[in-house]
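Student: Coordinates for the following, if possible.
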Amino acid sequence: TSSFYRRVLPSPPAIAFSSKQGKQLFKEAMLDGYMEKYFILAEQFTTQAEPAFCGISTLSMVLNALAVDPGRIWKGAWRWYSEAMLDCCRPLPEIQKHGIQLDEFVCLAECNSLRMILKRPLQRHLYPTKEHTEPIVEYQMNVNDSNSTTTDSDEYKQVQTTETSANGSDCAAQCAHPHRATLSRQKYF
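Tutor: Residues are numbered from 1 along each chain as shown. As a prediction, this is how the structure comes out:
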C-alpha cells in the first residue's frame, strides 16, 4: 500500500508559506494592508479530520472567524463550529467519502446564516455604486474560441444577478438544519 507524507508543492505556481519567497510575499501584503483578516482566520485554524473534509473544515474555520453562533452545543457548554456540525445538506459519512462540491459549500454556508455570492474562476463581480447592493457578474468569454476577440470591449459580457441563492435554488429553505430558526444574525462572506 502506498502512502504520502509531506508532498512537495508544485512550484510554480505554488509557493510554500514558510519559504523565503513566501515570507517576503506575506511581508509585502502586510505592508500594503492586505493581511488584516488573516489574523482573525489564523486564530480559528483547524486541520481537517478526513482527507475529503477540506470544504467543511474551511467552512467551520470561516464560521468561527466570523463569530457566527451555531445556536447549538459543540462540547460541554461551548457553542462552536466543527466539521461534525456541517451535515445539514449531506450526511457526514457521504462527505467523508466524496467531499463536497462548490455549490454544496455555498448551501452549507447559507444553512448556517451566511449570505453567499458564488464566484467561479471565469467570473468577475463588480459593485458599481454603494447603492447597488447586488453585484453585476461578468462571464469571461472563452479566449480559445475562434469567434472571440481579445479586445477589452468584447472580452466580457454582462449579466445581472438575481435574488436566488448561489446554486440557483433556495438551498437554505430546503436544508434540514435543525437550528435554522435560531440563527438570526446574518454575516457576509
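Student: Give me the spatial nearest neighbour of residue 23, chain neighbours excluded.
Tutor: residue 17 (8.0 Å; Cβ to Cβ, 6 or more residues apart in numbering). Glycine gets a C-beta too; all of them are placed from N, C-alpha and C.
Student: Local confidence estimate at the one you found?
Tutor: On the pLDDT scale, residue 17 is placed at 91.
Student: do the same with the one 3 residues further on
Tutor: Predicted confidence (pLDDT) at residue 20: the value is 95.
Student: Confirm the residue nearest to residue 23 sits in a helix?
Tutor: No - Residue 17 sits outside any helix when classified using DSSP: H, G, I helix; E, B strand; the rest coil, being coil.
Student: Pretty sure it sits against residue 26.
Tutor: Yes - shown here, residue 17 and residue 26 form a contact pair, counting by Cβ atoms under 8 Å, at 7.3 Å.
Student: Residue 52 belongs to a helix, doesn't it?
Tutor: Yes - with three-state DSSP as the criterion, residue 52 is part of a helix.
Student: mind listing what it touches?
Tutor: The contact partners of residue 52, by Cβ atoms under 8 Å, 6 or more residues apart in numbering, come to 95, 96, 97, 98, 99.
Student: what does residue 58 give?
Tutor: Contacts for residue 58 (Cβ under 8 Å, 6+ apart) come out as residue 105.
Student: Can you name the next helix or strand after the helix or strand containing it?
Tutor: Assigned by DSSP states H and E, residue 58 belongs to helix 54-65. Proceeding N to C from helix 54-65, the next assigned helix or strand is helix 92-98, under DSSP H and E.
Student: Just say helix, strand or coil for residue 121.
Tutor: coil.
Student: count of residues packed around it?
Tutor: If you count neighbours by other Cβ atoms under 10 Å, residue 121 ends up with 5.
Student: pLDDT at it, what is it?
Tutor: pLDDT, residue 121: 73.
Student: ok, now how distant is residue 30 from residue 24?
Tutor: As for residue 30, its distance to residue 24 is 11 Å (criterion: Cβ to Cβ, to the nearest Å).
Student: Sounds good, over and out.
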